[in-house]
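# sharing a model that was predicted from the sequence below.
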Amino acid sequence: MWVMHHTPCFVGSFLPSSCSASLPLSLALGCGGPVSEMAGSSQHPCSLAVLPAAHSSLLNLKSMVEAITGRNAILSFVGYGCFCGLGGRGLPMDEVDWCCHAHDCCYQKLFDQGCHPYVDHYEHAIENNATIVCSELNKTECDKQTCECDKSLALCLQSQTYNEEHRNYLNIYCHGPTPNCSIYEPPQEEAASIHISPEPSAPP
């Protein structure tokens, strides 16, 4: 994203925890989480956090969250719970926190596929401040899936109750086992059925 202290950042665990110590709070709105701690993958470079907004999907996410929830994405979700703020760890505190945890995992899956969701810019539309449409103009699978991840987060946040007591929560108080991203994966049998086409029936 950006290096100025007054530059906006966005909801969810968008940046790796290795970046959080060197970034101002406004830039590290979602550092860490499953991206670096849960999935066991290598941490992503902090250089992803200093690119102009014009080259980042995070501005799209900000507009989604604010249009759908009616809340300021920065003021409402910076430091919310254990996963919408710096360094996700422990058990999510409530359903809003679970939304951010799920978004961390969604991004992690994209990284595993070779995508760069922090900077992959995609096209989308918001109709009547209620419906998010990921555009058919998104040509790459990375763009399409990043849009779907962000759309899911915005809709998830909209459907949950916001708890003011969890705002600006210090994650040093987050305890318990950190849920693994595998909880969002379909059962193996279901996943196999998705990829295996049924054999054609024998001719009569």
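It's in. These figures come from a predicted structure and were not determined experimentally. Numbering: from 1, shown residues only.
# can you give me the strands for this structure?
Assigned by DSSP state E, the strands in the chain fall at 124-127, 131-134.
# most tightly packed of these?
Greatest average neighbour count among those goes to strand 131-134 (a mean of 16), per mean count of other C-beta atoms under 10 Å. In this view, the C-beta of every residue, glycine as well, is placed from N, C-alpha and C.
# alpha carbons only: can I get it in PDB?
The C-alpha trace of strand 131-134 is given here as PDB (Å, rounded to 0.1, in the frame of the first residue of the first chain):
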ATOM      1  CA  THR A 131     -25.300  -6.000  -3.900                       C
ATOM      2  CA  ILE A 132     -21.700  -6.700  -4.800                       C
ATOM      3  CA  VAL A 133     -21.000  -7.900  -8.400                       C
ATOM      4  CA  CYS A 134     -17.600  -9.100  -9.400                       C
END
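# burial count for Asp143?
By other C-beta atoms under 10 Å, 21 other residues sit near Asp143.
# ditto for the one 3 residues further on
By the other C-beta under 10 Å criterion, the neighbourhood of Thr146 contains 28 residues.
# show the pLDDT at it.
Looking at Thr146, its pLDDT stands at 96.
# neighbours of the closest residue to it other than its chain neighbours, just the number please.
In this structure, Thr146 finds its nearest non-sequential neighbour in Pro117, 4.3 Å apart by C-beta to C-beta, 6 or more residues apart in numbering. Neighbours of Pro117 under the rule other C-beta under 10 Å: 29.
# same check on the one 4 residues further on?
As a burial measure, the neighbour count of His121 was computed by other C-beta under 10 Å and equals 16.
# report the contact partners of the residue nearest to it when sequence neighbours are not counted.
The shortest distance from His121 to any non-neighbouring residue, by C-beta to C-beta, 6+ apart, is to Ser57 (5.6 Å). Residues in contact with Ser57 (C-beta atoms under 8 Å, 6 or more residues apart in numbering) are 117-122, 146-147, 150.
# having no further points to raise, I will conclude here.
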